[in-house]
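Q: Predicted structure and sequence below. I'll ask about it afterward.
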Amino acid sequence: MRERSARLQVLIAGKSSRKKSLSDKICRLLVNRMSKRAPEEDFMRDPLIDNDQGFDAEELERFQRGG
């Protein structure tokens, strides 16, 4: 059963990379939905970057002047 499931996953991934027909686009949608992670499970997310407010005008001016 696992072998059949793995073959099906490879087939769907292969079809989704072609992007020629409607079924290819549907397979791409399925792959995107199946591979999407919840934000709390995504180890690549960085809360420091996600919560970044950016520079205010004064900080940006100091940074650009180098001091």
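A: Sure thing, it's come through.

Q: Now the helix or strand encompassing Q9: buried residues?
A: Assigned by DSSP states H and E, Q9 falls within helix 2-18. Going by neighbour count (16 or more other Cβ atoms under 10 Å), the buried part of helix 2-18 is I12, K15, S16. Every C-beta, even on glycine, is put in place using the N, C-alpha and C of the backbone.

Q: Please name every helix or strand in contact with it.
A: helix 22-35 (3 or more Cβ pairs under 8 Å, 6 or more residues apart in numbering; DSSP states H and E).

Q: and the angle from the helix it packs on to helix 2-18?
A: Counting by axes from the mean of the first three to the mean of the last three Cα atoms, to 10 degrees, helix 22-35 lies at 120 degrees to helix 2-18.

Q: tell me which residues in helix 22-35 are buried?
A: Under 16+ other Cβ under 10 Å, the buried positions of helix 22-35 are D24, C27, R28, V31.

Q: which of the buried residues of helix 2-18 lies closest to S5?
A: Using Cβ to Cβ, I12 is the member of the buried residues of helix 2-18 that lies nearest S5, at 10.7 Å.

Q: what residues are up against the residue lying closest to that closest one once chain neighbours are set aside?
A: Excluding the flanking residues, the one nearest I12 by Cβ to Cβ, 6 or more residues apart in numbering is C27, at 4.8 Å. Applying Cβ atoms under 8 Å, 6 or more residues apart in numbering, we find C27 in contact with I12, A13, K15, S16.
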